[in-house]
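A.B. asks: Need coordinates for the below:
(chains A and B)
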2 protein chains.
Amino acid sequence: MTAATTAAATAVVNIGSLVTNDPALGDGPLGLLADAAVVFEGDRVAWVGATGAAPAADTAYDAAGRALLPGFVDSHSHLLFAGDRTREFAARMSGRPYTAGGIRTTVAATRAATDAELAANLARFVREMLRQGTTTLETKSGYGLTAADESRALRVAAEQVAGVEEVTYLGAHVVAPEYADDPAAYVDLVTGEMLDACAPYARWIDVFCEKGAFDGDQARAVLTAGKARGLTPRVHANQLSYGPGVQLAVELEAASADHLTHLSDADVAALASGATVATFLPGCEFSTRAVYPDVRRVLDAGATVALSTDCNPGSSFTSSMPFCVAVAVREMGMTPDEAVWSATAGGAAALRRTDVGRLAPGARADAALLDAPSHVHLAYRPGVPLVAEVWRRGERLPGAGGN
Amino acid sequence: MTAATTAAATAVVNIGSLVTNDPALGDGPLGLLADAAVVFEGDRVAWVGATGAAPAADTAYDAAGRALLPGFVDSHSHLLFAGDRTREFAARMSGRPYTAGGIRTTVAATRAATDAELAANLARFVREMLRQGTTTLETKSGYGLTAADESRALRVAAEQVAGVEEVTYLGAHVVAPEYADDPAAYVDLVTGEMLDACAPYARWIDVFCEKGAFDGDQARAVLTAGKARGLTPRVHANQLSYGPGVQLAVELEAASADHLTHLSDADVAALASGATVATFLPGCEFSTRAVYPDVRRVLDAGATVALSTDCNPGSSFTSSMPFCVAVAVREMGMTPDEAVWSATAGGAAALRRTDVGRLAPGARADAALLDAPSHVHLAYRPGVPLVAEVWRRGERLPGAGGN
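C.D. replies: Below is the predicted model:
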């Protein structure tokens, strides 16, 4: 199908293997097309089909037999922070004791940072992700833990840094140190004054439902208050132990339940029957030496699955969706096709987006070209920076790399 | 210390953390220096010390607080091949049966390739590795399995492709299909006519000592014949099962025994007492879903340990030394410091090189600058392409990337 040529059109031709994620356009769930072309017009996909049938365009890019896929959709990251935790990581991985602050270290550094420092840090990670093919990303607050610090972090993300499309209020990350003796009062803050300050900058509300963080009743209070303010829930669920997080997420129609390291049969059944996407974060298990969840079981039950980086300085400091694909295949029982779908279309579903995560007419012109003939190489060639070119909203990034 | 300025000198200044691998220059086995500078003069390191004390140079490069380490030394790869095995990988990782050729697929494609195709493929991988910070690499034959095909592959590596410094004759990779019924005759070929044809192009001789490949007696015959022709042994040992490979390697004073997935106490003792480096290949266990070896046990016994990619299209198609560092830390009981040492100085030891794998006066000017304040980030930020700049023989590569 062609479109009126009101905007400058670019044809990417000689694509060896194209992942459309549209089964109507090609083979299987990935909608695979060989010897394909895609035409971008302005910020949208205008046409998809065989290279030989591609309509004329203003410019052509020769993919030279390489694979093109939708830009990755990273639906879970924590990039509103300052400082890092190199020493803590090195101690954990070296078997040395480490008694300093953990997450409190990051909270202190984040509170001490200026808006400009927070914005610069976030912008650096957005660039780093974009270079690796991530064209849509979500990020969260959660290292401020006061009304002022949470809201200014969200404001920085919403107003100062380009490329962050999805912003999540996570005041309920952990109980703020000042409220250690009165967690109920902290929940009142999160659902009251802090929510008032944060809601204008966020689309989503999230809670860490876990022993040592927020229990089921507290998480319910947080998410219900957020919904009442027009925010849509997402939940950190069942990361460190079995708990009520998954079923609460499904009950409250959260867009996504994330982590899911410990899943009961009832949790799997809830995910399969509800509208909540099951989001797995392999970087977190990798970097904490946790046992990996069995995603096969969740897929076989029929749930929708997303993969995301969880990029944060404590438990998963990777920003690489290709790395997450490779680890999910190695460790979580996903096939390469399933992992690539979950890192693109799955992430879009977890953000309730239909304009990204696929390459079909009308979708956003967000794509990653691999230095490889197939998307399978994302798992077959782990760790190799295979993303050679990135288009976002139809614009090709300068210097994405490649050989 | 300064050097006569006969060659153009470049000072890399404001290095936040410098890995020298020289305990005389800094802290610990990595010889770490903070706020450091390095002066390259021609293709050598001329000076290492504090930024404030750096001698004048023709040009300066501001590392802006980032980490500099010796270029990686990848001491084990199989890059002399054509074709790939995407379908086989996808089938294995998807739980589907796959009965096509395995290694024979690669042998057939390699024999069918022209010299120019082999050279182009090798050059592509050398570039890919260099972009990821690998400044010294070894590669092997082993997909030709005739005197003509093995020797022409080694000739391509030795004469046609820049950047391959260490070439290994691996006619004894598997028994050639034509000799399936007479493996003894194949060993005669490998130790006779094929050796004569290959020896001029190689420094090393290697053998895959394993059930289904070559047993201890056959491996001994191969290595002994190679030594008689002036080649130094290296051994693929104990990958798929316990066996005689490690002890044979130590007995024959091989430079390195590689894989070591299955080690008896006697194997560990042999490695600790001999001059043979223990080389681990985490990409191989990653990509074949094998159980990881416990490198901690080998380190604690006192052996010298190297890490390498094993880059090949069948069992480990990664070319990323940073990925190998991260997996070795996650899975093999290595600390981040040990893994970085093993990927640099350890690889140099496995190739009996003293000019690479360290940044000290007189060493080669081969270095990788990370987009990170510490070498620990190679494990802390898995999958992220952190290598921002690469110097090889004192020349900075164009477009290595970075943020």
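
A.B. asks: Now do the nearest residue to A:A290 once chain neighbours are set aside: how many residues are near it, please.
C.D. replies: The shortest distance from A:A290 to any non-neighbouring residue, by C-beta to C-beta, 6 or more residues apart in numbering or on different chains, is to A:T261 (6.1 Å). Quick note: C-beta positions are derived from backbone N, CA and C, even for glycine. For A:T261, the count of nearby residues is 19 (other C-beta atoms under 10 Å in any protein chain shown).

A.B. asks: What helix or strand is A:T261 located in?
C.D. replies: Remark: A:T261 resides in no helix or strand, with elements defined by DSSP states H and E.

A.B. asks: what about chain A, any weak spots by pLDDT?
C.D. replies: Within chain A, the ranges that satisfy pLDDT under 70 run A:1-6, A:99-101, A:399-403.

A.B. asks: so where's the longest helix in it?
C.D. replies: Longest helix of chain A, by residue count under DSSP state H: helix A:115-131.

A.B. asks: from the middle of its chain, how far away would the following helix or strand past that one be?
C.D. replies: Later in the chain than helix A:115-131, the nearest helix or strand by DSSP H and E is strand A:134-140. Mean-position distance between strand A:134-140 and its chain equals 5 Å (C-alpha atoms, centre = their mean, to the nearest Å).

A.B. asks: could you point out which element follows strand A:134-140?
C.D. replies: Where DSSP H and E defines the elements, the next helix or strand beyond strand A:134-140 is helix A:147-155.

A.B. asks: Tell me what angle that following helix forms with helix A:115-131.
C.D. replies: Interaxial angle, helix A:147-155 versus helix A:115-131 (axes from the mean of the first three to the mean of the last three C-alpha atoms, to 10 degrees): 40 degrees.

A.B. asks: Okay, now the sheet partners of the following helix or strand past helix A:147-155, with direction.
C.D. replies: Once helix A:147-155 ends, the next helix or strand along the chain (criterion: DSSP H and E) is strand A:166-172. The pairing partners recorded for strand A:166-172 under DSSP bridges are strand A:134-140 (parallel), strand A:204-209 (parallel).

A.B. asks: Make a markdown table out of these and add mean neighbour count.
C.D. replies: Converted to a markdown table, the strands paired with strand A:166-172 look like this (neighbours: other C-beta atoms under 10 Å in any protein chain shown):
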| stretch | mean neighbour count |
| --- | --- |
| strand A:134-140 | 28 |
| strand A:204-209 | 28 |
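
A.B. asks: a markdown table please, covering those strands and showing distance to A:G192.
C.D. replies: Listed next are the strands paired with strand A:166-172 as a markdown table, based on distance: least, C-beta to C-beta, whole Å:
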| stretch | distance to A:G192 |
| --- | --- |
| strand A:134-140 | 19 |
| strand A:204-209 | 13 |
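
A.B. asks: For A:G245, which of these is the nearest?
C.D. replies: With C-beta to C-beta as the criterion, A:G245 lies closest to strand A:204-209 of the strands paired with strand A:166-172, at 3.6 Å.

A.B. asks: what number of residues lie near A:E253?
C.D. replies: Neighbour count of A:E253, defined by other C-beta under 10 Å: 13.

A.B. asks: no no, A:P55
C.D. replies: 16.

A.B. asks: Also the one 4 residues further on?
C.D. replies: Look at A:T59: counted by other C-beta under 10 Å, it has 11 neighbours.

A.B. asks: what about it, distance to chain B?
C.D. replies: 22 Å (C-beta to the nearest C-beta, to the nearest Å).

A.B. asks: Find the nearest non-adjacent residue to that residue, please.
C.D. replies: Sequence neighbours aside, A:T10 is the residue nearest to A:T59 in space, at 5.0 Å (criterion: C-beta to C-beta, 6+ apart).

A.B. asks: and A:R234, how far is that from B:P322?
C.D. replies: Distance, A:R234 to B:P322, by C-beta to C-beta, to the nearest Å: 31 Å.

A.B. asks: on that earlier part again, can you pull the phi/psi pair for the residue nearest to A:A290?
C.D. replies: phi -70, psi -30 (degrees, to the nearest 10).

A.B. asks: Verify the stated contact: it with A:A237.
C.D. replies: No: A:T261 is beyond contact range of A:A237, at 9.3 Å (criterion: C-beta atoms under 8 Å).

A.B. asks: rewinding a little: host element of the residue nearest to A:T59?
C.D. replies: Using DSSP H and E, A:T10 falls in strand A:9-18.

A.B. asks: Could you do A:V107 as well?
C.D. replies: Going by DSSP H and E, A:V107 is part of helix A:103-112.

A.B. asks: Hey, what's the angle from that helix to helix A:115-131? Just curious.
C.D. replies: Angle, helix A:103-112 to helix A:115-131, by the same axes, to 10 degrees: 120 degrees.

A.B. asks: to the chain's geometric centre, what's the distance from helix A:103-112?
C.D. replies: 23 Å.

A.B. asks: So which elements touch that helix?
C.D. replies: For helix A:103-112, the packing partners by 3 or more C-beta pairs under 8 Å, 6 or more residues apart in numbering or on different chains; DSSP states H and E come out as helix A:147-155.

A.B. asks: Please work out which residues outside the helix it packs on touch it.
C.D. replies: Here helix A:147-155 makes contact (C-beta atoms under 8 Å, 6 or more residues apart in numbering or on different chains) with A:80, A:110-111, A:115, A:118, A:141-144, A:167, A:169, A:171, A:189, A:193-194, A:196-198, A:201-202.

A.B. asks: could you flag which of those residues are buried?
C.D. replies: Buried subset of the contacts of helix A:147-155 (neighbour count, 16 or more other C-beta atoms under 10 Å in any protein chain shown): A:80, A:110-111, A:118, A:141-144, A:167, A:169, A:171, A:189, A:194, A:197-198, A:201-202.
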